[in-house]
Structure formats: C-alpha cells, structure tokens
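Engineer: generate coordinates for the sequence data below:
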Amino acid sequence: MFILLAKKKFYAAIAAILGLTMGTIFFMGTRTITVGQNNIQAPLEKVNVAQNVIALTVNVDWGEEQIPKMLEILEKDQAKATFFLTGRWADKNSELVKEIAAKGHEIENHGYSHPHPDQLSVEGNNQEIMKTEKIIERTIGKKTTFYAPPYGEKGESGVRAASEAGYTTVLWTLDTVDWQPASNVDLIVQRVVNPKTRFGVKPEKKGAIVLMHPKPNTVLALPIILEKLKQEGFSFVTMEELLSLKIDN
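Structural biologist: This next block holds a predicted model:
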C-alpha cells in the first residue's frame with residue numbers, strides 16, 4: 001500500500017511540475033503511463049512480430065488521381081496496404097473506396113474533415129471518427145476499427161475518443177514525409193529502405209508501420225521500396241494482419 005501511494009504521489013508531482021492535470025497521459029514509445037484512473041490504449045507505432053512483415057499505410061484526404069496507380073503497383077507486387085480515409089474524401093469517392101476494398105486492401109478511419117485532433121474535445125474527436133465510420137460502413141459494409149489521427153497528433157482528447165469508441169490509434173515507425181515538396185523519389189525510398197533515427201541508429205523494420213500519402217513521387221518510389229524490401233525478405237500486410245501476428249515482448 002505504501003509503495004502504491006508513493007507511486008501516485010510521484011506521478012502527481014510530475015503532473016504538477018509540468019502543469020498537467022491528473023488525467024494526463026505520458027507516451028513512451030508504444031507504452032502508456034497514466035496518472036490517476038484514466039487508462040486508455042496508447043497509439044501503435046510498431047508491432048512486435050516474429051515474421052519479416054511490414055504494414056504499409058496510406059493516409060488519404062486528397063490525391064485520388066494517384067490511387068489507381070498505387071493499386072496497380074501493389075497488385076503487381078502482391079502487396080497489401082491499409083488505406084486510412086477521411087470521411088469527406090470517402091463520401092466523394094465512393095467508387096474508388098469500393099475498388100480499394102475489392103483489391104483486398106484494408107480501409108480504416110482518418111477522421112472526417114482532417115482537423116487537428118489536439119484542438120478538439122473528446123466529443124469533437126468522437127464525432128469525427130463516428131461520422132467517418134458510418135460513411136465507410138455504408139460504402140463497403142465493414143466497420144472501421146483502426147484510427148490514424150490527422151497530423152499524427154496524439155494528445156489525450158483524440159486518443160481517448162478513439163479508445164472509448166473501440167478503436168486502436170495508429171501512428172508509424174517509418175515516415176516517408178512524402179507530403180513535403182522537397183521529398184523526391186530518392187529521399188522517400190531512403191526513409192523506408194535505409195531509415196535512420198535522429199541518433200543515427202537504424203530502427204528495426206520487422207513489424208514496422210510505414211506512413212505514405214497519395215503523392216506523385218510516392219507512386220514513383222513505391223515499386224522501388226517494394227522491390228528492395230522484398231529482397232530483404234519482407235512481405236507486406238494490412239494492419240489487421242499485423243496485429244494478428246503480434247507476440248509478447
């Protein structure tokens with residue numbers, strides 16, 4: 001009992017120093033430390049697996065003209081991906097949503113209007129997620145269960161809203177940063193095939209989650225990425241498949 005009280009006082013002291021409330025969540029990689037009684041699931045940044053598998057994810061709020069090209073490349077290389085769609089995009093591109101699903105790729109939730117989740121309340125984030133869930137379920141007959149927060153924001157309100165709605169929040173291990181104008185094909189390939197952290201250490205690619213967007217340079221980089229990673233012995237799975245392969249630490 002004494003140890004438990006000491007831990008609570010310790011976390012409370014941290015919260016006080018940082019000017020945070022007792023409901024604040026501290027993210028350490030994929031683990032979550034909670035202060036008080038507010039236990040929610042931490043975002044996924046990587047999955048511990050035994051197999052040489054990687055999950056390719058594509059966040060979509062624009063770029064519909066690039067999607068058919070991406071689907072063609074993925075099909076040619078027998079690779080599966082997870083497409084996180086905003087509700088407003090899915091609503092305007094329902095036939096393309098159906099095509100993505102028909103090709104065997106996973107379709108998941110990217111919120112409705114691509115706001116900054118950290119600037120919304122829990123209820124506001126819940127509305128974004130649920131509105132998109134209904135559109136996608138109406139379109140392909142399947143409920144979404146994974147949520148990729150816009151801008152990769154992982155503040156409490158967005159993560160809590162997703163967790164309380166039964167979702168797993170997904171971030172990434174390797175970011176192509178392909179949305180930046182300076183991201184040419186070589187840079188995009190390097191950030192996935194030969195990645196380095198800011199400390200110069202190569203992160204483990206087994207069980208990695210790769211973040212992409214439907215950009216022209218990404219389309220050009222994709223077959224190169226797939227070929228190089230296949231040469232390293234990797235195969236490409238959806239988020240659902242990746243979670244099914246998870247092993248305990």
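
Engineer: if the residue nearest to residue 108 when sequence neighbours are not counted is in a bridge, with which residues?
Structural biologist: Spatial nearest neighbour of residue 108, chain neighbours left out: residue 146 (4.2 Å); criterion: CB to CB, 6 or more residues apart in numbering. Every C-beta, even on glycine, is put in place using the N, C-alpha and C of the backbone. Applying DSSP bridges to residue 146 yields these beta-bridge partners: residue 168.

Engineer: what about residue 146, how many residues nearby?
Structural biologist: By other CB atoms under 10 Å, 22 other residues sit near residue 146.

Engineer: quick one, grab the pLDDT at it.
Structural biologist: Here the pLDDT value assigned to residue 146 is 98.

Engineer: and the gap between the nearest residue to residue 206 once chain neighbours are set aside and residue 237?
Structural biologist: The shortest distance from residue 206 to any non-neighbouring residue, by CB to CB, 6+ apart, is to residue 52 (5.7 Å). For residue 52, the distance to residue 237 equals 11 Å [CB to CB, to the nearest Å].

Engineer: which one's more surrounded, those two?
Structural biologist: Remark: of residue 52 and residue 237, residue 237 carries more neighbours, 24 against 14, as counted by other CB under 10 Å.

Engineer: so that one sits against residue 54, correct?
Structural biologist: Yes. Residue 237 lies in contact with residue 54 (CB atoms under 8 Å); the separation is 7.4 Å.

Engineer: longest helix in the protein, please.
Structural biologist: helix 122-140 (DSSP state H).

Engineer: what lies in contact with that one?
Structural biologist: 85-87, 90-91, 94, 97-98, 101, 107, 109-113, 115, 117, 120, 142-144, 147, 157-158, 160-162, 164-165, 167 (CB atoms under 8 Å, 6 or more residues apart in numbering).

Engineer: now those residues: which count as buried?
Structural biologist: Among these, those classed as buried by 16 or more other CB atoms under 10 Å are 85-87, 90-91, 97, 101, 107, 109-112, 115, 117, 120, 144, 147, 157-158, 160-162, 165, 167.

Engineer: which of the residues you listed fall within strands?
Structural biologist: Using DSSP state E, the members of those that fall in strands are 85, 107, 109, 147.

Engineer: farthest pair in those residues?
Structural biologist: 107 and 147 (12.3 Å; CB to CB).

Engineer: shared neighbours of these two, anything?
Structural biologist: Listed as contacting both residue 107 and residue 147 by CB under 8 Å, 6+ apart is no residue at all.

Engineer: confidence-wise, which helix or strand of this structure is lowest on average?
Structural biologist: strand 25-28 (a mean of 36; mean pLDDT, DSSP states H and E).

Engineer: output the below-cut-off pLDDT ranges for the protein.
Structural biologist: 1-38, 197-201, 249 (pLDDT under 70).

Engineer: ok, which stretches of it are helices?
Structural biologist: For the chain, the helices defined by DSSP H cover 2-18, 67-76, 87-92, 94-102, 122-140, 156-164, 185-193, 216-231, 239-244.

Engineer: between the ones you listed, which one is closest to residue 207.
Structural biologist: helix 239-244 (6.9 Å).

Engineer: please identify the buried residues of the closest one?
Structural biologist: So for helix 239-244, counting by 16+ other CB under 10 Å, buried means 239, 242-243.

Engineer: likewise for stretch 63-78?
Structural biologist: Neighbour-count burial for stretch 63-78 [16+ other CB under 10 Å]: 63, 66-67, 70-71, 73-74, 77.

Engineer: residue 217: which of these is nearest?
Structural biologist: Nearest to residue 217 among the buried residues of stretch 63-78, with distances taken as CB to CB, is residue 66, at 9.9 Å.

Engineer: okay, the closest one and residue 218: tell me how far apart.
Structural biologist: With CB to CB as the criterion, residue 66 and residue 218 are 7 Å apart.
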